[in-house]
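Chemist: sequence? don't have it. structure:
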């Protein structure tokens, strides 16, 4: 009996804001496994802002997602068939299986499929707090911002998977942590659930000047480190409160993902305040993953680390869930549950 | 007999572009020396872009220059009287004597006055290639850009004291070096005298797009390091040609010194290209001065290092010479000769 696999392909490239029409759901039979291959049934797909960049053809740090192929993305699931000595049926695994119900993985290639232990850590967390978003937070905070106890750290998209991790890792290092998020509900959650010292609703502030004033109140000693996920007026407002020798880890600029101009108003502040700004992509720093995952895994397993998940049900819901993520409709990690 | 000292004070702060009216020349008697003091007769004053920042009251990395006090600035000269055991009449010295013919220096304070050797290095060079501008070039290039042989390094204000040093230090490290300067004469000098591989006249290019095209031709392998003295459209153009993992040392942004807005058009390139941008002030890195001065001194003494000086004659000429420097009228180091 042939197992059928449902997949979502990139059907067309968005010209500005992406729409559901850019995706196409298809059904194809799962092929026979060759030697060395493993068949994984996906339990969860990860949806992440970086995927927006891959949908476009413009020059970026990664190759564009090819048209008419399965959308890329992180996945967790269970091995349901194996012709590979390292994996057996029932193994729980994390990989880059893409937007589909099953993936045939050439598991001989080192690193493409990792067995994970779900005794103390839920499977879905390997796509969030103990996965790529967690390590992203860890790298930018620890390796670029390098915070000292007592410093003030600000993070935008604070209620997202990355932002929430940044704040909690910074709190664990003795920092004052201030989030920026969209809407009073998200801000309340960031403070009450995630333990940030304060969170500013950028939607309640019409321009960089108003946001700067709110930041001044929340950061009476100025800002020493900033983890950037958004760009635009939020970056301008943060820079206006930056201290001497402050550091900005540039992780994402979702404000410009559809091609909107997002100039930095006052780059002279980099000089005046002797700031350091560094862009990074976590997949280029594989050497830090073990250290980062160790800290993140211990925090999650011990229950000290809080995170939320927004879960869409079924593969067909992935495109709308992804479009919602780009509009900030999710709380915490955006997942699609398939099993 | 009392010696008279002529001094230039900051009389008022500029509201936009500074003018000669912001300065006032006064004549005052040189006071008697107290124990530990040294009287220095200045041979040369240094004029530098950073002084523009000090004229304003706005927040910057340094205190504003007080009104009705002698304009600050680097000086070289000769000891003409001494009540300090470490200095004797005839010693040649470099210090921060300011815009005046004589300075009374409390020479017990470490570092305020340095004896220099003029056997192989002209006295004036201690204000340029073997002084603050040279060390500024060295710090930004070596400590921030950290160039590797074969990389392409770009520097703006390439014919200035700092820019010329950046290019020659980068050439000595095996880099391709491209300057940006204003006007065909400066560009010719940068290539023919200073040995840059190419120099682009930004005045011949109306906007960042045109300048970007010129940079593409001059930098066929893209740009790995940029030493920023100007800002504005030059920064935008350079960023449009920046390679992955490129570094920008932010030393000055003269385009915005009079308060003009100088937004950075596309900060998302910092992320896309995983760039590092760092602002610095050389006086905060005194630990590198010995290493830097050693390399610069050897290069100058051996004749390998080329530099030009633009020399105004007499203290009264200092304000106009300074205003000319801000407009880019100088070639190389701008000095005022007093003796």
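Modeler: Nice, thanks for sending it over. Everything numeric in this text was worked out from a predicted model, so none of it was measured.

Chemist: list the contacts of residue A:196.
Modeler: A:158, A:167, A:171, A:177, A:178, A:179, A:190 (Cβ atoms under 8 Å, 6 or more residues apart in numbering or on different chains). Bear in mind the C-beta positions are built from the backbone N, C-alpha and C, glycine included.

Chemist: switch the cut-off to 6 Å
Modeler: With contact taken as Cβ atoms under 6 Å, 6 or more residues apart in numbering or on different chains, residue A:196 is in contact with A:167, A:177, A:179, A:190.

Chemist: please apply the same query to residue A:82.
Modeler: A:38, A:88.

Chemist: leaving out the residues flanking it, which one is nearest to the residue nearest in space to the middle of chain A?
Modeler: Residue closest to the mean C-alpha point of chain A, counted by Cα atoms, centre = their mean, is residue A:133 at 4.1 Å. Excluding its sequence neighbours, the residue lying closest to residue A:133 (Cβ to Cβ, 6 or more residues apart in numbering or on different chains) is residue A:161, at 3.8 Å.

Chemist: since we're on the one you found, how many residues are nearby?
Modeler: When counting by other Cβ atoms under 10 Å in any protein chain shown, one arrives at 31 neighbours for residue A:161.

Chemist: residues near the closest residue to residue A:256 other than its chain neighbours, how many?
Modeler: Once flanking residues are discounted, residue A:256 sits nearest to residue A:262: 4.0 Å by Cβ to Cβ, 6+ apart. Using other Cβ under 10 Å, residue A:262 has 22 other residues around it.

Chemist: in three-state terms, label residue A:262 for me.
Modeler: Here residue A:262 is coil, with the state taken from DSSP: H, G, I helix; E, B strand; the rest coil.

Chemist: list the contacts for it?
Modeler: Counting by Cβ under 6 Å, 6+ apart, residue A:262 touches A:231, A:232, A:255, A:256.

Chemist: tell me the one of the residues you listed nearest chain B?
Modeler: Within the contacts of residue A:262, proximity to chain B (Cβ to the nearest Cβ) peaks at residue A:256, which comes in at 5.0 Å.

Chemist: was I right to think that closest one contacts residue B:267?
Modeler: No: using Cβ atoms under 6 Å, residue A:256 makes no contact with residue B:267, being 8.5 Å away.

Chemist: near chain B, which residues of chain A are found?
Modeler: A:60-61, A:250, A:253, A:256, A:263-265, A:267-268, A:270-272, A:274-280 (Cβ under 6 Å from any Cβ of the partner chain).

Chemist: neighbour count for residue A:256 and residue B:267, which is higher?
Modeler: Between residue A:256 and residue B:267, counting by other Cβ under 10 Å, residue B:267 is the more crowded of the two (28 against 18).

Chemist: near the closest residue to the more buried one other than its chain neighbours, how many other residues are there?
Modeler: With Cβ to Cβ, 6+ apart as the criterion, residue B:267 has its nearest non-adjacent residue at 4.3 Å, and that residue is residue A:264. Neighbours of residue A:264 under the rule other Cβ under 10 Å: 21.

Chemist: one more: the one 10 residues further on?
Modeler: The tally of other residues near residue A:274 (other Cβ under 10 Å) stands at 19.

Chemist: hang on, it in a strand?
Modeler: No: assigned with three-state DSSP, residue A:274 falls outside any strand and is coil.

Chemist: next, the contact list for it, please.
Modeler: Contacts of residue A:274 (Cβ under 6 Å, 6+ apart): A:244, A:245, B:279, B:280.

Chemist: pLDDT value on the last one, please?
Modeler: Looking back up the chat, that one is residue B:280. With respect to pLDDT, residue B:280 scores 97.

Chemist: next, the contact list for it, please.
Modeler: Contact analysis of residue B:280 by Cβ under 6 Å, 6+ apart lists residue A:274.

Chemist: do a quick rundown of the helices in chain A.
Modeler: A:50-55, A:132-138, A:161-172, A:184-192, A:208-218, A:233-239, A:268-272, A:289-301, A:318-326 (DSSP state H).

Chemist: select the longest strand from chain A.
Modeler: Longest strand of chain A, by residue count under DSSP state E: strand A:37-47.

Chemist: that one pairs with which strands, parallel or anti?
Modeler: Strand A:37-47 has its sheet partners listed here by DSSP bridges as strand A:75-82 (antiparallel), strand A:102-106 (antiparallel), strand A:333-337 (antiparallel).
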